[in-house]
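>>> output the structure for:
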Amino acid sequence: ELMENTVFSSAFIVMDSRNEAICSYKNIRKLYPRLRIVFVSQWCDLTLDDENVNIMDTHELMASYLYEQLPNVPVIAKNIGFGQGDIMEILVPLGSPYAYRHMGSIVHRKWRVAAIYRNKKQILPNNATMIQPNDILIVIGNPRVLEEVYRVIRKSRGIFPDPFGKNLYLILNMCREREEIMIEVNEAIFLSKQLNRKLYIRLINITLSGVSQELKALENEKLEILINYHYDELFNTMDFDTTHYDIGLFLINNELFDKESFKYRLYKLRRAVYLFGENSLYNISEATILMGDEGAMESVSSSVFDLVEILGLKLNLCNYSPDGDFAEKKNIIEHYESLSRLYSFSVDIKENRTNPIKELQSDDGILHIAPFNKEILKTPLANFFSRKISRYFLSIRKHPQLLIPIEE
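Numbers count the residues shown, from 1 in each chain. Reported below is the predicted structural model:
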């Protein structure tokens, strides 16, 4: 009689006895045919043909709870949204690639940062909001995409060329003079030792000279020679080697890189690329970046700081503005200054109204660093007519250059 005179919005059945639980369910259904029922079950084979019943398996609940207590497991919302990982909580660790990045610089495809929790306060982010270490991000989007976002955000910085890969890969055209070949080999060995990474040397266009055997004699646990006898198979070989040998950095000369098909293949592989210059890397004392797109600049920053710290280089950030509007790049400067404090590494910010290319051409000890984006794929003629000063740097062959892949 009590139940008949009371309006219920839902009912919960939590019992130790299976028979009593099922009887309770049937009795409720007699009185309320369409009432929402939450049935807590500890019996794996229990099924009910009722669209208004939500069966919660106690074993699954326990397993889910224990799973979430494991390290590096994302916390997902269970009772809102789809409950399948489409809403997730992510803690930003110190050294994360997302630390000190502005929201406007992050590429969002099928996901968004809905809120940030910092110092017990909720922040609804806009493009100018900077993510800081120990922030808790509430992200929404495609569950599979969020799993990858979680992995990237939680990944602390490693030694360059991480996160693109672990080892170095020199593509060596053997159809040249021995001296030219050995200059590139020695520079590649120097860089691999500085980074403490293994160097793979892929020989192409093999000749009958004794240089190949001379290189084979250099092999050790940190250096391996790979031979490619058929140039037309090089692209397939590169694809295989990149995965098989965990390649993070390609080393090539400008002659190869200038070939459009070769440049495009490297772009699609999403790996860093080192281009040899007329000046060798061991004579370099400074690294220079020309400011460009905010998203690209923030995307490459962790790799930049990691590399210049390892090589002991001074870092210059060049802000070029013909009309003197240097404030336009304030978010980029704020980002790099924040990272400089994190790394305890100073950054020299230069503001120029005059074209910095002439100054770069006159300097000798410079490593030029730039994002490896679609703009790099454009022909030299297209770059000549471009108003983006950062495109011109490829024409300065005297400096070694480092191209770092970015989100696009």
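
>>> any regions of the protein where pLDDT drops low?
1-5, 71, 156-158, 322, 324, 354-356, 379-393, 408 (pLDDT under 70).

>>> then stretch 257-264 to CSV, C-alphas only?
The C-alpha atoms that make up stretch 257-264 are tabulated as CSV, following Å, rounded to 0.1, in the frame of the first residue of the first chain:
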residue,chain,number,x,y,z
PHE,A,257,66.6,17.2,-49.7
ASP,A,258,66.1,19.5,-52.7
LYS,A,259,64.4,16.7,-54.6
GLU,A,260,60.7,17.2,-54.1
SER,A,261,59.8,13.5,-53.8
PHE,A,262,62.5,13.0,-51.2
LYS,A,263,61.5,16.1,-49.2
TYR,A,264,57.8,15.0,-49.3
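
>>> mind starting the numbering at 6 from now?
With the count now opening at 6, the last piece we talked about shows up as stretch 262-269.

>>> how far off centre is it?
Relative to the centre of its chain, stretch 262-269 is centred 23 Å away, using C-alpha atoms, centre = their mean, to the nearest Å.

>>> would you mark the buried spots in that stretch?
262, 267, 268 (16 or more other C-beta atoms under 10 Å). C-beta here means a position set from N, CA and C on the backbone, and glycine is covered the same way.

>>> likewise for stretch 129-139?
For stretch 129-139, by 16+ other C-beta under 10 Å, it's 130, 134, 135, 136, 137.

>>> start and end of it, how far apart?
The first and final residues of stretch 129-139 sit 16 Å from each other (C-alpha to C-alpha, to the nearest Å).

>>> which residues does it contact?
By C-beta atoms under 8 Å, 6 or more residues apart in numbering, the surrounding residues in contact with stretch 129-139 are 96-101, 103-109, 118, 120-121, 123, 128, 142, 336, 339-340, 343.

>>> how's this protein carved up into domains?
When the chain is parsed with automatic domain parsing, its domains come out as 15-66, 76-159, 172-248, 286-410.

>>> among those domains, which is nearest residue 272?
With distances scored as C-beta to C-beta, the stretch of these nearest to residue 272 is domain 286-410 (6.0 Å).

>>> where do the strands of the stretch 256-405 of the chain begin and end?
Counting by DSSP state E, counting those that start in this stretch, the stretch 256-405 of the chain has these strands, from start to end: 277-280, 291-295, 319-325, 352-357, 371-377.

>>> possible to save those strands as a markdown table with distance to residue 31?
Output for the strands of the stretch 256-405 of the chain, formatted as a markdown table (distance: least, C-beta to C-beta, whole Å):
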| stretch | distance to residue 31 |
| --- | --- |
| strand 277-280 | 66 |
| strand 291-295 | 72 |
| strand 319-325 | 73 |
| strand 352-357 | 72 |
| strand 371-377 | 66 |
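
>>> and of those, who's closest to residue 197?
The nearest among the strands of the stretch 256-405 of the chain, by C-beta to C-beta, is strand 277-280 at 10.9 Å.

>>> centre of the chain to the closest one, how far?
16 Å.

>>> remind me what that strand packs against, helices and strands.
Here strand 277-280 touches strand 252-257, helix 259-262, strand 406-410, going by 3 or more C-beta pairs under 8 Å, 6 or more residues apart in numbering; DSSP states H and E.

>>> which residues touch residue 168?
Residue 168 touches 102, 157, 160, 253, counting by C-beta under 8 Å, 6+ apart.

>>> so which of the strands of the stretch 256-405 of the chain gets nearest residue 309?
strand 371-377 (5.7 Å).

>>> so which elements touch that closest one?
strand 291-295, helix 299-316, strand 406-410.

>>> buried subset of the contacts of stretch 129-139, written for PyMOL?
Of the contacts of stretch 129-139, the buried ones can be selected in PyMOL as follows, counting by 16+ other C-beta under 10 Å:
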select buried, resi 96+97+98+101+103+104+105+106+107+108+118+121+142+336+340+343
